[in-house]
Every structure is written in structure tokens, then in C-alpha cells.
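J.: Predicted model follows, preceded by the sequence.
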Amino acid sequence: MKRKQLLIGACVLVAVSACACSQDNGSTAPTGGTNVGKNPEKELIYSSVAESQEAYIRSLQTSTGALNYTPTGTRLCAYFSNYAAIGLLTRPGMTNEKIVKEYMDWYIGKLNGNINPKTGGAEIPGSVYDYQISNGEEITNGTYDSVDSYAASFLILAEKLMNISVDNENWLQQRSEKLNLVASALIACIDSPSVKVPEDFSADDNDYLSVASFVYPAKYLMDNCEVYRGLLAAKRLQDRGVITDSVDYKFYLDKNAEGIESQLWNNGSYKWLDQPGNKCNWNNFYADAVAQLTPVMMGVIKANDSRAISLWNEFNNHFGEWSSGHNYSDFPWVFICFGAASMGDKDRVDAFVKHIYSFTSKSSQKKNWYSAEAGELMIAMDLIKNNTTF
């Protein structure tokens, strides 16, 4: 699963100045919004932290347009980069949009065909491998953590860019063929009558749940919630003429939601994996407990839904120290702050942002601060400030 597989080992990060973007008028400073602006001290903290994360993500771009894992790293993981780019778009402007467009061109330039060049086996067209930078070259072993979440998060990124301006919408329309291919990779992962899913891990039962990939055919709750949101993005892109295929994304969206409900909801919590006998163990931080946050984060259920409230309370009963900066693994899991913002839990988001400010105010970042950490924090702050959903 991506959050486990991608985060083996620690990295030494290069500090990025919290004020590095303050003189660049290509970005838009936070407005403070209705939830933060009433408190000048909190508004200042939010603005400062947002600037530091913006500067951090900008520092990750390579000469090819890719977004690196860390400033000193050599790994290019599109899943993490997608969330970093989405975060950057919460502060739209000429510079940030240019960085995102260069990254998106890098991504679509890496789209796979139907053969894995390393193994010679079949591949899902429109998928993207992970890359390593070696002697200045981007090389791949022909592997990825997943196909479904990479494609879904990239489509969400495209939707976010489209919504900023007509110019961005036109820019995306010029890349419709490639975006169609990304969307087709997402559809190819969904267990439907037209897709035969390998059965060595998940059953081929036409439940419209997605598998992570055909080389690792597990049906995860986290992935499927992202797939749901990715299908919604695909529909919106199609409605605006950016995706130009004839796929009925609304049909897949509804069927995927039904699959999550019928296959993964299990007597008070969600299965983190579609497997007989699977049930959430609330004492297991990852993947059981953390996975419970994704349905509300990705819009499968609403924040005021009794399930969402119950799951959020139960999570914090077991792991409530996250907002003060406590780590439950070597990984900082800003993902939880994203979940808190999706629930509208302003107090906990405020507390976590203040914790991060204790680092960024000293021109540093928290340990193991990867590209997605910065992006997800920017997303969380934007959701809270503007009282909106992802």
C-alpha cells in the first residue's frame, strides 16, 4: 500500500525559508477566509506556514518538470507529486500554475503503453512508473505503487487547474488525448463486467471497486475513495470538453460508491481491504484506522454524516495526539490534518498548523517532510480557511 511502501527510510531535508515566496508576485497570498481571519495571530501563522510550504514545493521541481520527493532526494513518485501540485494550486498565480503545468507535461510524457519495457509483460496504458534520478538521468524499474490512485489524483489535479481560469481550461483541452488515456487507466482498474481482475488477491466479482494494479490486485478502501473522487473529476473534465471520450463517468462514479458501501462497510467501520473477514482494528494505526478518514476526505460520505462523525471521534479516541505533533510512525502523516479539515475540525487543524509553524518559523521542516506532506498541509489549510470540500 502506497503510504507504507513509499516511505521506507529517512531523508535529510534541506531547509527552505518561510519567506522565500513573499517577494514573488506570481502567487496569491491567502485571504484569511471566514474561519481564520477573525484571529490576526492565527491568520499570520497560516499565511507564514502556507508560504513556507509553497516555497518548499517550488524547490522540488527538476529541470525536466518533475517534482522530487525531497529537495535532496532522487525519487520521482507521481502519486506524491500530484498532491504536492494540488497543494500549490491553493495559492494560484502565474508562477505556481507554470510549475504545475510543467509537472503535468512531465507526467503525461511518462504515460505507459501496453507493454512493460522492463518485464515484457502486459501493462495498463496510461499508467505511470516511479523513477529514480541517477547521474542526471531519469530511470525506472518498470514499477509503481499503484495505477488507480496515481491516475485518480492526476485527474483531480487537472480539475483543480481547470477551475482556476479559462486559459488553464484551454491549456488542458490541448492535452485531451493524454487526459483521455489517464482516465482510461483508471477505468481499466475498476472491476466491471468488461474488466477481468486477477484473482490472486481480490475476487473478480464485478463490484466496481478498483484494484491498485494488475500486478498487485488488492482492493483498498483508501484507493477506492480516491478513485471515487477521480471519477468525479473525470466527469467534470468531460463536461467541460477537456476529456473527450464517451465513457459514462457518472455511471462508474455511482457504481463505485455502491461498491464501497456494499463491500467495504462492515458494522460500524470500513474494511481497509476488501478481503473476507477483514475488519477495522482501531488499535492498528496504519492501515486500519487511518483508512477510515478517506471516505469523508474524498466525498464518498459527507462531514455531517453520522458515520463520518463516529469514525472521526473513534479515530481521535485512539490517536488524538496527532494534532499536537505526535508521530505514530517515522512518517508525519499530514494526511490526518487533511482529514480533520475535511471534517471541519478547525481546532485540531489550528493546533497542527501551529506545531508546524514551530519548525517553519525557524526556516526548517519537520522530519521526513516529503512533497505530499507540504501539499496536503496546503490543502488542509485551504479547506479550513474557505470552509469548503476537496
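T.: Now that the structure is in, tell me what you want to look at.

J.: In contact with the residue nearest the centre of the chain: list those residues for me.
T.: The geometric centre of the chain, computed from its C-alpha atoms, lies nearest to Tyr83 (CA atoms, centre = their mean), at 4.3 Å. With contacts taken as CB atoms under 8 Å, 6 or more residues apart in numbering, Tyr83 has the following neighbours: 153, 371-372, 375-376, 379. Any C-beta I mention is one placed from the backbone N, CA and C, and that applies to glycine too.

J.: and of these, the nearest to Ser127?
T.: Comparing the contacts of Tyr83 against Ser127 with CB to CB places Ser153 closest, at 12.9 Å.

J.: Skipping adjacent residues, who's closest to that closest one in space?
T.: The shortest distance from Ser153 to any non-neighbouring residue, by CB to CB, 6 or more residues apart in numbering, is to Asn82 (3.8 Å).

J.: Distance from the helix or strand hosting the one you found to the middle of the chain?
T.: Secondary structure assignment for Asn82, by DSSP states H and E: helix 78-88. Helix 78-88 has its average C-alpha position 6 Å from the chain's average C-alpha position, going by CA atoms, centre = their mean, to the nearest Å.

J.: okay, now Glu138: neighbour count?
T.: The local packing count at Glu138 equals 16, with neighbours defined by other CB atoms under 10 Å.

J.: Tell me the pLDDT of Asn39.
T.: pLDDT for Asn39: 87.

J.: Just the closest of the contacts of Tyr83 to Arg240, please.
T.: Here the nearest of the contacts of Tyr83 to Arg240, counting by CB to CB, is Ser153; it sits at 19.0 Å.

J.: can I assume the closest one is in contact with Glu226?
T.: Yes - using CB atoms under 8 Å as the test, Ser153 is close enough to Glu226 to be in contact (6.2 Å).

J.: The two: who's more crowded?
T.: Neighbours of Ser153 and Glu226, each counted by other CB under 10 Å, are more numerous for Glu226; the result is 29 against 25.

J.: my guess is the more buried one meets Pro295, correct?
T.: No - under the criterion of CB under 8 Å, Glu226 lies out of contact with Pro295, with a separation of 10.7 Å.

J.: between those two, what contacts are shared?
T.: Overlap of the contact sets of Glu226 and Pro295 (by CB under 8 Å, 6+ apart) is empty.

J.: what are the ranges of the strands in the stretch 1-150 of the chain?
T.: Taking DSSP state E, counting those that start in this stretch as the test, the strands found in the stretch 1-150 of the chain are 75-76, 131-134, 137-139.
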